[in-house]
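Participant: Mind looking at a prediction? Sequence and model below.
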Amino acid sequence: MDKQQAQKIIKETFERPFNKDRFIKFVKNLLNRIDDAPFTYQGNYIPEKFRQYIRSLERIGKFSDGENSLDILIITLQKETSLERARTMQRNFIAWYLNGSRGGEMKDAALVAYVSPDSEDWRFSLVKMDYKFEKTKTGKVKVKEEFTPARRWSFLVGVSEKSHTAQSRLVKILANDEQNPTLAELEEAFNIETVTKEFFLKYRELFIRTKKALDRVVQTDPKVTADFEAKGVDTVNFSKKLLGQIVFLYFLQKKGWFGVGKDDDWGTGSKDFLRKLFEGKYGNYGNFFNDILEPLFYEALRIDRSHDDDYYSRFNCKIPFLNGGLFDPIGNYDWVHTDIHLPDDLFSNSRKTKEGDTGDGILDVFDRYNFTVREDEPLEKEVAIDPELLGKAYEKFNAIRPDNFDEYIIALKSGKKGAENKFNKKFGVYYTPRGIVHYMCQQSLINYLHTKVTQASQPETKVTQASQPETKVTQASQPETKVTQACPPEHKVAQASKPKPLNITRQDIENLIEVGELITEHEATALLKQEKIKNGIQKSTEYTALLSDSIRKNAAAIDKWLEDITVCDPAVGSGAFPVGMMNEIVRTRNVLSVFLQGNTGIPACDNTQKEMPLQRSDYEFKRRCIEHSLYGVDIDPGAVEIAKLRLWLSLVVDEEDIKNIRPLPNLDYRIMQGNSLISEFMGINFDAEPRTENSMFKDETAELIEQLQQKKDAFLNESNVTKKARLKEEVEDLLVEIFETKLRTQKADYFNRLKDIENKYAVLPNKAQREELIKQEKGKLYKESGFDLETAEKQLKEFTSGRQVKPFFLWNLYFSEVFHEKGGPARSSASGGGFDVVIANPPYGNIFTKKEKASLRKSFIELQFKIDAYSVFLIKGISLNKENGYLIYIIPSTFMDNYFEKNVRKNLLVRNSIEILIELDDSIFESAVVHSMIIGVIKQYPGKEHNVRVGYSIDLNFEKQDIPNEYFLKQEYASFSIRTYQHVDLLSKLKKDAVKLEKVIDIRQAIKSGNDKKYIHRKKINNSYKPIVGGKHIKKWLLDAPGLYIFYGGHLACPRDPKIFEQPKILIREAGKEITATYDGSGYYVMSSLYNAILINDKFSLVST
């Protein structure tokens, strides 16, 4: 079969409603040969736990690649909404089928068509088992059935989806009539990473073209130039935001929310609305951006028209008001009175691409891809563009600024591998892989809940139901609605001095978090069966609960703890961790819903409730989490906008109210811009003794803080543009007032002199003369003191409003609700002030100015000599935790034993309980140039018997080992010597009998040029040019000289003494899984990716003889 025929079959199958005959034809051509073995399951043949979702299972054949067996299935769902909303159930159902449902025969995988009744869209999936094995008591190995997950990859197909991605991924297999595909080849065809990389390259090209087109507009229109200059708008960030806005609408238009008829329900609108706008279906225009997109962004989506049922007359249709800030004009530029005529062909044209497609405009490219708002999870992946792309784009674009855009273009045109990554290296920004995010978020929840269980079992804890703390369940949408738990008759209220233990083990919590989602349907059925047995309806059941009894009995308390958690990412980037934490919380609360009466949030044993039940849906869980639990800070304003965008998208996907779409929450005071590490502004350190009796939150400022929190709470869900602006201004005024209060305590002499000046001239009758003299006197005071109150207050307002980038962040002020007790003074961490979880992938490297370093050394006494960003983030992160809070970071593994970090390590070991240390494989990051590790820390003093769990990991499936905390404290420089622990005796003997390496050789750092392009050449121009080698030029015992020369001298960034190069030496590569070294007797000068070892002891030789 040729390529065109293959593409035609895919298009006919995937761009239409599901048709069984077309599907069978497609599968037989894809696999070349299948064994016909049809049968159908329906009715009682479907297990009871899946019956409300699955109408029938039909097998149309089976296939084997010689090693793996695969079935071809059609699953008909009970209702249309099941296709999108019951994804876990769909996956678990196939896992049941493959894992021995037919006479114990286990299958490896299935190709599945999931079909909804009355829907024109369907899902084509590859589902593969991930069998877990265990030994029985007799020593036999069997599948661990209850915890065996299935992984699913899916194409979104049907009338409203394009088949471009499916064609590009499947056509090669389909066209191959001679060789049957292997399961591995099918997996590769469903590989989302390949699709994402392909899309990103096109997205990058669109960004460059958009920026250049905008440059031309600015250069030729003085009015636009003047407005942009006045508002601080640059074409780089304008282009980034424009593409982000369009991508957001591509995600959202799949909901059918745009172009809705005036009297129609939400969800009935056009799913290719932007294309129809361009085609003039909703009105004519002269210029697409100026006449269509700007009004759509800054009017239709930004202005509340709920009084007119969201009808937008310009386009003669309903468009939802989204709120949130994404559709505020960047820099508040004057979109109404300026004409930004970006060329229409930037958005769509008829140019042929190198792949043979028609059109390379923004809409042309985006139209060819499938978009899904649901972010990939470890077990569930859609072969479509998801919001994580925004994070990856942020990683790639973060370092691009107006002042280095031309350099960026040159780097891309050079075609050199890694040229683009140097921008990331400069800022130490690398996007955290999904698997790492998933693991770290789960570990955070496990430790948070384990701490809560421990605290609930201690004497000071008051308990009601089964020794649970008395809780008030708050409805996310109605903060004042309280639902108080009632106790079952058999549980008495425990005395505060003798609490009854909850009997929830750490393993119980791990099972809930890690595998609870896999067994939700099973647990629901088991609970139902137990109720039937209890009521005499049936005598026995094969369904037994897999989660522990303690989890089920304490479900309400666990659920409340998850509802109340506070989480912060102090280096939030594009929001991977807040989104990941939210998804884990939602998944776990959904599992707990099984054990709560009628999904209300009330214990299943309680029959006395009278109040309105808490709504338990994904949407309500997410909204509660976004509004009350998640916080983030980043120095880059662009990152903050992307993080907020991803949270909004994750919320929007679960909005199912077709009558009333709720406006998005305003996240301006939840995800904020600022320098997380510096809390000093105008010489005032807002974190100096923040939680003592003398802190800024004393009784006299408590009222101001209370007002601040009320205004921020009101702003969170305010949708009226005018009221929002007023609330924001009131927040800024209160921040200035609190700042001045703090200032008065630290600069009392300054304020006394100000008062004296005003009193001195108050008697002058001439107002103009009086004001002029006061101004002169204040000017003298400013020169003497180096401080000007009016300037400081003006700057603080500029920073807080976002009109200027904040080079600081006032944690205790901006997140006062976390650190300040309502109606009272600041809380110490011991009394509850701070975050439950601090989680991050902080930047690394020496990225600070001299002024910043001075401020950091003053704030963090642990810092020595060289300052690396990640170690400062560690210290700061711990300070942000509440007592017993949990911190988990992924950082460079140099922290394990770096001499300059010894004080930080010792502080962690002595004052905190390190919970995990995991050294990661080099392949974790696609483009990072450092080795990585995960560190988890509990903010509590370690006990004498405290052990640290350590491990080495490629894929986070690894055996953990416990190492005593004391072992690390005994190491030189308090190093985390996790690899040497099991060889302690051998090492002791070696140390006793051996000569230390430092007595034999001197290991020196190498050269940094500061500008390779300028100083490195292929020819030796004169004697100042020296031959060089780098890390990539050496292998074990071999040196492959590149024939390059460096113009050597003091002009280099880091020149070294030539003597250390012009003698025999050993070259050691800096990076790598194992030591890679070779001998050099030719006098090569060494670049910074190598270490240079020279002999200092004549009794030894660098080479064996």
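Facilitator: That came through fine.

Participant: what's the burial count for I1075?
Facilitator: 8 (other C-beta atoms under 10 Å). Every residue, glycine included, has its C-beta placed from N, CA and C.

Participant: meant to ask about F1061, not that
Facilitator: By other C-beta under 10 Å, neighbour count at F1061 equals 22.

Participant: what's across from the residue lying closest to it once chain neighbours are set aside in the sheet?
Facilitator: Closest residue to F1061 apart from its sequence neighbours, by C-beta to C-beta, 6 or more residues apart in numbering: Y1085 at 4.6 Å. In this entry, Y1085 is beta-bridged to I1028, by DSSP bridges.

Participant: ok, how many other residues are close to Y1085?
Facilitator: Neighbours around Y1085, by other C-beta under 10 Å: 22.

Participant: now swap in K644 and tell me
Facilitator: 26.

Participant: Validate this expectation: it resides in a strand.
Facilitator: No: K644 sits outside any strand when classified using DSSP: H, G, I helix; E, B strand; the rest coil, being helix.

Participant: how near is it to N666?
Facilitator: Using C-beta to C-beta, to the nearest Å, K644 is found at 9 Å from N666.

Participant: got it, and A556?
Facilitator: In terms of C-beta to C-beta, A556 sits 31 Å off from N666.

Participant: on that earlier part again, my guess is the residue nearest to F1061 contacts Y1025, does it?
Facilitator: No: Y1085 lies out of contact with Y1025 (C-beta atoms under 8 Å); the separation is 9.8 Å.

Participant: What strand or helix carries K882?
Facilitator: Here K882 sits within strand 881-892, counting by DSSP states H and E.

Participant: Which neighbouring elements make contact with that strand?
Facilitator: helix 434-456, strand 835-840, helix 869-880, strand 913-920, strand 932-938 (3 or more C-beta pairs under 8 Å, 6 or more residues apart in numbering; DSSP states H and E).

Participant: If you count contacts, what does the last one end up packed against?
Facilitator: Think strand 932-938. Against strand 932-938 (3+ C-beta pairs under 8 Å, 6+ apart) you get helix 434-456, strand 881-892, strand 913-920.

Participant: quick revisit: for the residue nearest to F1061, what are its contacts?
Facilitator: For Y1085, the contact set (C-beta atoms under 8 Å, 6 or more residues apart in numbering) comprises I1007, K1026, P1027, I1028, V1029, I1046, Y1048, P1058, F1061.

Participant: how about 7 Å then?
Facilitator: I1007, K1026, P1027, I1028, I1046, Y1048, F1061 (C-beta atoms under 7 Å, 6 or more residues apart in numbering).

Participant: Now intersect those residues with the strands, please.
Facilitator: Members of these lying in strands (criterion: DSSP state E): K1026, P1027, I1028, I1046.

Participant: between those residues, which is nearest Q795?
Facilitator: I1046 (44.9 Å; C-beta to C-beta).

Participant: Report how many residues lie close to that closest one.
Facilitator: Count around I1046 with other C-beta under 10 Å applied: 20.

Participant: How is the protein divided into domains?
Facilitator: Here the domain assignment for the chain is 3-190, 194-427, 434-634+636-673, 998-1095, based on automatic domain parsing.

Participant: And the last one, how far out from the chain middle?
Facilitator: So that's domain 998-1095. 39 Å (C-alpha atoms, centre = their mean, to the nearest Å).

Participant: And the average pLDDT for it is what?
Facilitator: For domain 998-1095, the mean pLDDT works out to 88.

Participant: distance between the ends of it?
Facilitator: 10 Å (C-alpha to C-alpha, to the nearest Å).

Participant: do the same with stretch 959-972
Facilitator: End-to-end for stretch 959-972, by C-alpha to C-alpha: 26 Å.

Participant: for stretch 281-298, same thing?
Facilitator: So stretch 281-298: terminal residues 20 Å apart, C-alpha to C-alpha.

Participant: And for that stretch, what's in contact with it?
Facilitator: 245, 259, 276-278, 314-317, 327, 329, 335, 339-342, 344, 347.

Participant: which residues sit in contact with E187?
Facilitator: L126.

Participant: What are the buried residues along the helix or strand encompassing it?
Facilitator: E187 is part of helix 183-189, with elements assigned from DSSP H and E. For helix 183-189, a neighbour-count test (16 or more other C-beta atoms under 10 Å) marks L183, L186, A189 as buried.

Participant: what element comes up after that helix heading to the C-terminus?
Facilitator: That would be, after helix 183-189 and using DSSP H and E, helix 192-220.

Participant: For the following helix or strand past that following helix, give the mean pLDDT please.
Facilitator: Remark: after helix 192-220, the chain's next helix or strand is helix 222-231, criterion DSSP H and E. Helix 222-231 shows a mean pLDDT of 94.

Participant: list the buried ones in helix 222-231?
Facilitator: V224, D227, F228.

Participant: Off-centre distance for whatever helix or strand comes next after it?
Facilitator: Moving toward the C-terminus from helix 222-231, the next helix or strand (DSSP H and E) is helix 235-253. Put simply, helix 235-253 sits 19 Å off its chain's centre (C-alpha atoms, centre = their mean).

Participant: Please consider this matter closed, and thank you.
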